[in-house]
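A.B. asks: Build me a model:
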Amino acid sequence: MSNPGDADVTTITDARDLAAYLAAGAKPAESFTIGTEHEAFGFHHSDLLPPTYDEPGGIRDLLTAIGQEEGWEPILDRGNTIGLKRGRASLSLEPGGQFELSGAPLATLHETKAELDAHVARLRTVAPRLGLGFAPLGFHPLARREDMPTMPKGRYKIMRQYMPKVGTRGLDMMFRTCTVQVNLDFSSEADMVAKMRVGAALQPLATALFANSPFYEGKPNGLLSNRAQVWTDTDNARSGIPAMIFADGFGFEAYAEWLLDVPMYFVYRDGVYHDVAGASFRDFMAGRLDALSGEVATLGDFADHSTTAFPDVRLKRYIETRGADSGRPDMMLAQSAFWTGIYYDQAALAAAATLVKSLSYEQIIALRGAVPATGIHTRFGAGTLRDLAREAVAIAADGLKNRARRNAAGADESMYLAPLQDIAAGGPTQAEMWLQRYEGAWKGDVTKIFAESDMA
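C.D. replies: Predicted coordinates for the structure are as follows:
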């Protein structure tokens with residue numbers, strides 16, 4: 001989730017202004033970049049509980065140590081360090097202290113791997129000194145809601161109060177889930193539309209491939225991705241797979257109009273988050289926001305508002321694919337590789353569009369509803385989603401080979417798809433592997449997952 005602040009104070013009065021703002025993200029294909037974001041749960045080695053913000057050796061001390069030792073600049077919220085930034089990368093906190101790397105926009109997946117390796121090395125250097133570990137899992141396998149700490153970010157207080165009004169699982173989403181996403185570019189409105197549609201149609205497959213949350217409060221939950229299940233009743237006015245993506249005439253303005261119908265959370269002014277939860281951004285643009293009389297909506301407000309919409313594929317001035325559980329580092333990298341291969345080669349994008357062309361919106365939604373429980377084994381056509389995975393992963397591999405971005409050893413980026421190729425060929429997903437460990441070597445003790453998944 002974004003940190004405060006787009007400083008653009010340009011006044012907006014019409015959805016066309018917002019469409020133009022989104023369209024300004026278009027760039028030539030040769031300038032496309034890859035930005036990977038991933039989250040992990042912190043835990044104390046001593047008792048496996050999540051660290052609080054203020055405690056000695058807690059989240060604030062972690063941020064302070066990294067900032068001092070690596071030269072990151074603090075991101076402040078009412079005087080509290082709630083993240084770090086360096087260049088175009090940042091380290092930030094989700095509501096329950098989940099630790100997130102928002103990676104810089106990079107030219108190749110080889111650079112993405114180097115960035116991820118450096119992040120893991122950072123955790124291995126700093127976290128053990130504080131008695132901490134970090135587990136990249138889709139849903140916290142042990143903690144109850146009341147076990148999770150709260151981070152001192154103003155927007156999270158507003159969300160905590162609003163979420164229970166619009167769904168039963170919003171607080172679980174905030175405090176007990178972790179995800180991995182990749183941010184990719186578009187070259188034109190037509191390119192954006194093609195990528196949004198392919199991305200939305202393939203989100204159920206992505207959820208199945210990256211399923212990594214089979215436990216709930218110490219026991220198997222009967223699901224493979226509890227994180228994905230949580231999103232089915234978080235706040236359906238701002239999440240899921242919106243039908244408008246597949247409607248005739250979809251484009252920047254249609255997406256902007258959809259965002260205007262997403263209820264607001266806040267307006268950020270002079271370092272303060274003003275609670276306007278449930279209010280209409282349309283009213284804000286028209287100067288009719290009672291809670292902030294006299295304030296006018298700006299492009300900065302719209303940029304902030306766009307971060308509070310949570311569809312499985314989200315449009316900003318780039319495209320975010322958001323349907324995957326967090327997972328081990330090679331799977332984080334594979335998630336970026338999968339979408340880069342499909343999105344950044346025209347032949348691959350066309351092949352992926354053909355692959356999902358016959359799927360109706362109703363079928364996509366039905367798949368999305370089924371995959372939290374049945375994952376890669378979800379019925380699809382005459383077979384299962386594993387059949388679709390074989391084709392989709394092969395398309396991504398072809399796309400990466402066609403990109404021909406090679407490392408110093410001469411290898412192209414398709415090598416990062418290896419974990420997905422294993423699953424497509426019949427191997428277990430991360431969730432299935434954990435369940436095998438639970439039923440076998442762990443002898444029913446979920447706590448073993450922390451040591452085995454620890455990145456630090």
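A.B. asks: in the stretch 301-450 of the chain, which spans are helices?
C.D. replies: Applying DSSP state H, counting those that start in this stretch to the stretch 301-450 of the chain gives helices spanning 329-343, 346-356, 361-374, 385-403, 418-424, 430-439, 448-453.
A.B. asks: What does the pLDDT read for the residue lying closest to Glu257 once chain neighbours are set aside?
C.D. replies: The spatially closest residue to Glu257, leaving aside those adjacent along the chain, is Ala15, at 5.3 Å (CB to CB, 6 or more residues apart in numbering). Quick note: C-beta positions are derived from backbone N, CA and C, even for glycine. What the model reports as pLDDT for Ala15 is 90.
A.B. asks: again with the one 4 residues further on
C.D. replies: The score at Ala19 is 97. That number is its pLDDT.
A.B. asks: distance of it from Gly25?
C.D. replies: The spacing between Ala19 and Gly25, counted by CB to CB, to the nearest Å, is 11 Å.
A.B. asks: Between those two, which is the more surrounded one?
C.D. replies: More neighbours sit around Ala19 than around the other of Ala19 and Gly25, counting by other CB atoms under 10 Å; the figures are 18 against 15.
A.B. asks: could I get the helices of the stretch 301-450 of the chain as a markdown table with mean neighbour count and distance to Leu91?
C.D. replies: Supplementary listing: the helices of the stretch 301-450 of the chain in a markdown table, determined by neighbours: other CB atoms under 10 Å; distance: least, CB to CB, whole Å:
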| stretch | mean neighbour count | distance to Leu91 |
| --- | --- | --- |
| helix 329-343 | 26 | 15 |
| helix 346-356 | 17 | 32 |
| helix 361-374 | 18 | 29 |
| helix 385-403 | 21 | 28 |
| helix 418-424 | 20 | 25 |
| helix 430-439 | 19 | 24 |
| helix 448-453 | 17 | 20 |
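A.B. asks: Switch those helices over to CSV; also include mean pLDDT.
C.D. replies: Below are those laid out as CSV (pLDDT from 0 to 100):
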stretch, mean pLDDT
helix 329-343, 98
helix 346-356, 98
helix 361-374, 98
helix 385-403, 98
helix 418-424, 98
helix 430-439, 98
helix 448-453, 98
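A.B. asks: Adding distance to Asp147, write these out as TSV.
C.D. replies: Conversion of those to TSV gives the following (distance: least, CB to CB, whole Å):
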stretch	distance to Asp147
helix 329-343	25
helix 346-356	40
helix 361-374	23
helix 385-403	34
helix 418-424	31
helix 430-439	20
helix 448-453	14
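A.B. asks: Relative to Ser90, which of these is closest?
C.D. replies: When the helices of the stretch 301-450 of the chain are compared by CB to CB, helix 329-343 sits nearest Ser90, at 16.6 Å.
A.B. asks: I'd guessed the residue nearest to Glu257 sits against Trp258; true?
C.D. replies: No: with contacts counted by CB atoms under 8 Å, Ala15 stays clear of Trp258, the gap being 9.9 Å.
A.B. asks: Can you work out which residues contact both of those two?
C.D. replies: Counting by CB atoms under 8 Å, 6 or more residues apart in numbering, Ala15 and Trp258 have no shared contacts at all.
A.B. asks: ok, which stretches of the stretch 51-200 of the chain are strands?
C.D. replies: Listed from the start of the chain, the stretch 51-200 of the chain has strands (DSSP state E, counting those that start in this stretch) covering 73-77, 80-86, 89-93, 99-102, 132-135, 179-184.
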